[in-house]
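Q: dropping the sequence and predicted coords here.
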Amino acid sequence: MTKFIAKRVFASAVVMLTITVLTFLMARVVPSNPAVIYAGPKASPETLDRIQSELGLDKPLLVQFFDYLGGLLHGDFGDSLATKQSVLPDLLERLPATLELIATAMTIATVLGVALGVLAARRRSGALDGSIRFLCIGGISMPAFWLGLILQVIFVGKLGVLPATGQFSTEITYSNPLETITHFALLDCVLTGNWVALQDGLEHLVLPAVTLAAYPLGLIARMTRASMLESLDQDYALTARAYGLSPRSIVWRLTLKNALSAPLTIIGLSVAYMLTGTFFVEVVFNWPGLGQYATQAMLAVDYPVIMAITLLGAAGYLLTNFAVDLLQAKLDPRTRS
Amino acid sequence: MAHVLIDPPAASPLPPTPRHSLLRTLLRDRLALLGVVLVVALVLVAILAPWLAPYPGEGRGTANVDAADLAPSAAHPFGTDELGRDMLSRILMGTRPALLISISVVAVAALIGVPLGAIAGYRGGWIDEALMRVTEVFQSFPPLLLAMVVVALLGPDLKNAALALAVSWWPWYARLVRGEARSLRERPFVAAAEAIGVPSRTILHRHIIKNSMTPVLVQATVDVGTVVLAAGSLAFIGLGAQPPAPDWGLMVAEGRSQLFTSWWVSTFAGLAIFVTVLAFNLLGDSLRDILDPRKAER
């Protein structure tokens, strides 16, 4: 096991280094001049020259790269061209909002997905199974940004029961201001007993979380169903049935645990999907998280931010897959080789 | 390799009568039928759009400000947008570019990925090692994020978006075919071909690539839908097609500013994306059931 972990950590480090080199090269060979973006369109040639040397763009490429790499090792991703501020604090400030959104969506998708999958498997080939199958394919085919807008039209425009955008209502910042402890807004509400803000925050969270959950929900339900059916056909399940155990206890006590190792991979995949899915959901719901920040940076060709987001995205993806592999090795000894 | 002579250089591993089971599956499975009907309809619309659209000029982007923001009616079944363009025409005219872009991206990804994967899987050794390391780097981030970064750095337009999507998609085909090639390599008919001195190029082409086409076909079908979704997403945030192109993702974005007054603009444009992705997912699913019964869902 230790060898397995060591090997994976080494491989991930190599991948991260390669990605750093690639994003760095890509940001350097692109037609747009970072100095122009930094200085704005009306800068004089002298100003551009000055900024070019300030940003270190006149140095040889290799020196620039090692400067960047050295900065990364100290947690310095450089300064944003748009806000002129250091990138890392900006990212860290927005990370909790995104994590809260992803965690909520993941919980919805997993709980509902496993439940629907088990239900479909128990009613194999029935009408319910068919409807669940259609629902799953529908969830997988749904553009998240569109689902978000449709939910806004229905629940905000027509019914007027939920807020459209943002993480909290503006009034809350005056009537029940948030105290910051953990930077996770909802958790802080609970810790400080700020129930008014908590309710407001939850109301704002519902639509974006449901939107983000649609795709993984479909994936998880489908996978749970398929792997449930497989375990129900195994000898031990048939034996248990022959001994007179009820189908219900066979499902919940015996097969579900065995059937969950395959959806586990899908849950890993879903987290990976959410890393990009959240970009679109955050844009639609004006959610103050990383995705919105990243999208703005991409439209502004703010390359230090783009590079930081790429590295962070890759790190998140590698970490998720690593965690899934570890968990799977624990659940299923056969995959440890 | 002694058993090679006893074991006849066997038939292809494809199931025997796909046509018969295709018909049967379609009749039995209504969702599969729905997929086929939708895909055929989409292809017809893509070809015939200029003749089907009530206002083909507006569909291509000509403004008609006198008719701005009209709700759905008999004259404009999907309403009109901010610039008075008939939404039905816009959406119909958007079908061809959406499918063309998506099919080209998938074709390029498969054309790069399939041969590389086949060579790596069949030859093994350092070629295999090198290719797997490269695909690992590509697969260590979500394909859509990779595409977004490439477009952001190259400049937002449709061509760059397509290029970026192809670049982020090919490794998945390489890995898929490599897996197939590795298991085909061990099959008796490949050993038999090697034993009678068939050149390895011919083996690669005739035995390895041809016999890995089933999963590639299934994957490609599903991916046509997935790429429509990805290209739409890029366009929605401004990193894909640019106005006045009749692009579905772009139309959803254009309707966003008047979402609560003119809900129809975003709604119908997004519906077009949803139906297209759904159609190819359904078709891909039923193709998997028909062509590859081992992996079929029960």
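A: All right, it came through fine.
Q: name the helix or strand for A:Thr20, please.
A: helix A:2-29 (DSSP states H and E).
Q: near chain B, anything from whatever helix or strand comes next after that helix?
A: Per DSSP H and E, the first helix or strand lying C-terminal to helix A:2-29 is helix A:34-39. No. On the criterion C-beta under 8 Å from any C-beta of the partner chain, helix A:34-39 is out of touch with chain B, staying 10.8 Å away. No exception for glycine: its C-beta is placed from N, CA and C like everyone else's.
Q: quick one: contacts of helix A:34-39?
A: A:27, A:43, A:47-48, A:51-52, A:55, A:57, A:81-82, A:84, A:300-303 (C-beta atoms under 8 Å, 6 or more residues apart in numbering or on different chains).
Q: and the furthest pair within those residues?
A: A:Ala27 and A:Thr47 (21.5 Å; C-beta to C-beta).
Q: what's the neighbour count on A:Leu55?
A: Neighbours of A:Leu55 under the rule other C-beta atoms under 10 Å in any protein chain shown: 18.
Q: brain fart, B:Arg288
A: B:Arg288: 21 surrounding residues under other C-beta under 10 Å.
Q: please enumerate the helices of the stretch 1-150 of chain B.
A: Assigned by DSSP state H, counting those that start in this stretch, the helices in the stretch 1-150 of chain B fall at B:3-6, B:18-28, B:30-52, B:56-60, B:87-123, B:125-139, B:143-154.
Q: mind putting these into JSON lines with distance to chain A?
A: Putting the helices of the stretch 1-150 of chain B into JSON lines (distance: least, C-beta to the nearest C-beta, whole Å) gives the following:
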{"stretch": "helix B:3-6", "distance to chain A": "27"}
{"stretch": "helix B:18-28", "distance to chain A": "11"}
{"stretch": "helix B:30-52", "distance to chain A": "6"}
{"stretch": "helix B:56-60", "distance to chain A": "20"}
{"stretch": "helix B:87-123", "distance to chain A": "12"}
{"stretch": "helix B:125-139", "distance to chain A": "5"}
{"stretch": "helix B:143-154", "distance to chain A": "4"}
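Q: of the ones you listed, which stretch is the most buried?
A: Among these, ranked by average contacts under mean count of other C-beta atoms under 10 Å in any protein chain shown, first place goes to helix B:143-154 (a mean of 25).
Q: what angle do that one and helix B:125-139 make?
A: Using axes from the mean of the first three to the mean of the last three C-alpha atoms, to 10 degrees, one finds that helix B:143-154 and helix B:125-139 are set 80 degrees apart in direction.
Q: which intervals of the chain have sub-threshold pLDDT?
A: All of this is about chain A. Residue ranges of chain A with pLDDT under 70: A:30-33, A:253, A:257-259, A:261-263, A:332-337.
Q: was after chain B, sorry
A: Applying pLDDT under 70 to chain B picks out residues B:1-28, B:292-298.
Q: spell out which parts of the stretch 101-250 of chain A neighbour chain B.
A: Checking the stretch 101-250 of chain A against chain B by C-beta under 8 Å from any C-beta, the hits are A:124, A:130, A:133-134, A:137-138, A:140-146, A:149-150, A:152-153, A:156-157, A:222, A:225-226, A:229.
Q: buried subset of those, written for PyMOL?
A: Applying 16 or more other C-beta atoms under 10 Å in any protein chain shown to these, the buried members can be selected in PyMOL as follows:
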select buried, chain A and resi 133+137+140+141+142+143+144+145+146+149+150+152+153+156+222+225+226+229
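Q: so which of the residues of the stretch 101-250 of chain A next to chain B belong to helices?
A: Cross-referencing those against helices under DSSP state H gives A:130, A:133-134, A:137-138, A:140-141, A:144-146, A:149-150, A:222, A:225-226, A:229.
Q: ok, so of those residues, who is nearest chain B?
A: Distance to chain B across these (C-beta to the nearest C-beta) is lowest for A:Trp146, with 3.0 Å.
Q: residues touching the closest one, list them.
A: B:252, B:266, B:270-271, B:273-274.
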